[in-house]
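Colleague: Build me a model:
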Amino acid sequence: MTKRAKRPDGASTIYFGKDGYWHGRVTVGVCDDGKPDRRHVMSKVSEAEVIKKVRALEKQRDEGKVRKPGRPWTVKAWLLHWVEEIAKPSVRENTYAGYEVAVRVHLIPGLGAHRLDKLEPEHLDRFYVKMQANGSKPATAHQAHRTIRTALNHALRRGHVNRNVASLAVPPRIEEEEVEPYDIEEVQRLLVEAVKLRNSARWSVALALGLRQGEALGLRWADLDLETGVLRVRKNRLRPKYLHGCGGDCDRKPGYCKQRIRKNEDTANTKSRAGRRVIGVPGELVRLLELHKKEQERERLLAAQEWRQTGFVFTSPVGEPLVPSTDYDAWKQLLVDAKVRDGRLHDARHTAATVLLILGVSERVVMQIMGWSSTAMAARYQHVTSGILSDVAKRVGGLIWEVAKDSDADGPEEAAKSR
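Modeller: The predicted model follows:
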């Protein structure tokens, strides 16, 4: 009897079992405890069916696409693990807040029950349509898409899925809103009305320098050199986040708990290196900031022991940094009082960028002032207004028709000679 040759270690095996099934076993790697990770497939149909399954598993192994051992992840379990254990420690707080809302409010209720490795692009396509049918805006569905795409990228790198299905799904199209910056007359009306308010220089900073809301509210006096007219942008004001101080007994949201505890800092570093920048401040704005500083000093004396010395340029009557939502409400009221059309606070940034375009400031300097890292941002923020078009039309008309007038004044004979 010929002795059967020993199969090499790790080779796949196929055999017919006493249970009446064909079985196949494939070594796909090593488990956490150092033992071989052997996967099992079976079929009652035929040996050929098991061979087919074994070959498929070997191909996945060779391509590095074998699912890790253990209980398969559900979409819900993975998203919760990803957002709390992977994203939260590694991204900015505002980024995490956006992820957390997308996961908790939209993705888990809509997709959480699926097995992670069984999720298909069509599941996501239908999910985005359903979101919008239930009243969500396309931008909200797009945010959910970006979130799950990022989460699945981490799952792919860790071997929990073989592909990122969010990269194959089609997110909803977002129509970019038409932004019409405020013209010079509207800016002047806003500034005239702003003089009547506390922190009036706040709106001059927005309209003249184009600082983002978080950048303006994150300014400290240490960032300003009023003698040389230089402003340094370094920090962003964060939206306050709170925890219950009562242990959750008050049945209110943490922000409304009477014993609430602040869980985040007042500011964080700007979003990018380009955001940390130095800006020259116009003389008129320097004078407004000097007056604002004197007014803040008077408020400090009135507040006495209640004053909180934070060093912020724009504060509450007791020295605390302004809350972004309160600042936004003040902007909306300013538009009403100045009888200026409604607009977003961020539209002030578009206005500042367009003013720089009108003044003919070079692109590199504009990028420095606005804190852009890409020249493509100019196309989004600098708008060719009707006033600019009218000015160009006058210049073109002056160039062409003035030449024609000069030619007519010379008379037919002179014109013929010139030809």
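Colleague: Could you list the low-confidence segments of the stretch 201-350 of the chain?
Modeller: Filtered on pLDDT under 70, the stretch 201-350 of the chain yields the residue ranges 274.
Colleague: quick one, helices of it?
Modeller: 201-209, 213-217, 283-303, 324-337, 347-358 (DSSP state H, counting those that start in this stretch).
Colleague: I'd like to know which of those helices is closest to Arg189.
Modeller: Nearest of the helices of the stretch 201-350 of the chain to Arg189, taken as CB to CB: helix 324-337 at 9.6 Å. The C-beta positions use only the backbone N, C-alpha and C, and glycine is treated the same way.
Colleague: Please name every helix or strand in contact with that closest one.
Modeller: Judged by 3 or more CB pairs under 8 Å, 6 or more residues apart in numbering; DSSP states H and E, helix 324-337 is in contact with helix 184-194, helix 201-209, helix 213-217.
Colleague: Throw the ones you listed into JSON lines and include distance to Ala97 and mean neighbour count, thanks.
Modeller: Formatted as JSON lines, the helices and strands packed on helix 324-337 follow (distance: least, CB to CB, whole Å; neighbours: other CB atoms under 10 Å):
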{"stretch": "helix 184-194", "distance to Ala97": "30", "mean neighbour count": "17"}
{"stretch": "helix 201-209", "distance to Ala97": "23", "mean neighbour count": "24"}
{"stretch": "helix 213-217", "distance to Ala97": "13", "mean neighbour count": "24"}
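Colleague: so which of the ones you listed gets nearest Leu107?
Modeller: Between these, helix 213-217 lies closest to Leu107; by CB to CB that is 26.4 Å.
Colleague: Remind me what that closest one packs against, helices and strands.
Modeller: Partner elements for helix 213-217 (3+ CB pairs under 8 Å, 6+ apart): helix 201-209, strand 235-237, helix 324-337.
Colleague: how about a markdown table for the ones you listed, with distance to Glu297 added?
Modeller: Formatted as a markdown table, the helices and strands packed on helix 213-217 follow (distance: least, CB to CB, whole Å):
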| stretch | distance to Glu297 |
| --- | --- |
| helix 201-209 | 14 |
| strand 235-237 | 22 |
| helix 324-337 | 21 |
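Colleague: With respect to Glu49, which of those lies nearest?
Modeller: Relative to Glu49, the nearest member of the helices and strands packed on helix 213-217 by CB to CB is strand 235-237, separated by 60.0 Å.
Colleague: That closest one: how far from the chain's middle?
Modeller: When C-alpha coordinates are averaged (CA atoms, centre = their mean, to the nearest Å), strand 235-237 and its chain have centres 15 Å apart.
Colleague: Name the residues that touch it?
Modeller: Here strand 235-237 makes contact (CB atoms under 8 Å, 6 or more residues apart in numbering) with 212-220, 223, 266-271, 275, 321-322, 324.
Colleague: so what strands line up beside it?
Modeller: Its sheet considered, strand 235-237 pairs with strand 267-269 (antiparallel) by DSSP bridges.
Colleague: Report the buried residues of the partner strand.
Modeller: Thr267, Ala268 (16 or more other CB atoms under 10 Å).
Colleague: cool, stretch 296-313 as well?
Modeller: Gln296, Arg300, Trp307, Thr310, Phe312, Val313.
Colleague: which two from those residues end up farthest apart in space?
Modeller: Farthest pair in those, by CB to CB: Trp307 and Val313, 15.2 Å.
Colleague: Find the nearest non-adjacent residue to Phe16, please.
Modeller: Distance criterion CB to CB, 6 or more residues apart in numbering; nearest residue to Phe16, sequence neighbours excluded, is Trp22 at 5.6 Å.
Colleague: and that neighbour, how many neighbours?
Modeller: Number of residues near Trp22 (other CB atoms under 10 Å) recorded here: 21.
Colleague: quick one, what contacts it?
Modeller: Listed by CB under 8 Å, 6+ apart, the contact set of Trp22 reads Ile14, Tyr15, Phe16, Met42, Ser43, Lys44, Val45, Ser46, Glu47, Glu49, Val50.
Colleague: right, and the helix or strand after the helix or strand that contains the fourth one?
Modeller: Here Met42 is covered by strand 36-43, with elements defined by DSSP states H and E. Beyond strand 36-43 on the C-terminal side, the first helix or strand identified by DSSP H and E is helix 47-62.
Colleague: Counting by contacts, list what the helix or strand that that next one is followed by packs against.
Modeller: Proceeding N to C from helix 47-62, the next assigned helix or strand is helix 75-81, under DSSP H and E. Judged by 3+ CB pairs under 8 Å, 6+ apart, helix 75-81 is in contact with helix 108-111, helix 138-157.
Colleague: TSV please, covering these and showing mean neighbour count, mean pLDDT and distance to Gly229.
Modeller: Formatted as TSV, these follow (neighbours: other CB atoms under 10 Å; pLDDT from 0 to 100; distance: least, CB to CB, whole Å):
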stretch	mean neighbour count	mean pLDDT	distance to Gly229
helix 108-111	18	96	51
helix 138-157	19	95	39
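Colleague: Compare those and give me the one nearest Tyr328.
Modeller: Shortest distance between Tyr328 and those, using CB to CB, is found for helix 138-157: 18.0 Å.
Colleague: Might you quantify the distance of that closest one from its chain's geometric centre?
Modeller: 13 Å.
Colleague: sorry, back to before: of the helices and strands packed on helix 324-337, which is nearest Ala338?
Modeller: Using CB to CB, the helices and strands packed on helix 324-337 put helix 184-194 closest to Ala338, at 3.9 Å.
Colleague: what residues does that closest one touch?
Modeller: Under CB under 8 Å, 6+ apart, the answer for helix 184-194 is 182, 200, 202-204, 207, 334-335, 337-341, 351, 355, 387.
Colleague: repeat that with 7 Å
Modeller: Ser200, Trp203, Ser204, Leu207, Leu334, Asp337, Ala338, Lys339, Val340, Thr351 (CB atoms under 7 Å, 6 or more residues apart in numbering).
Colleague: so who does the last one touch?
Modeller: So the one you mean is Thr351. Pro181, Tyr182, Val187, Leu207.
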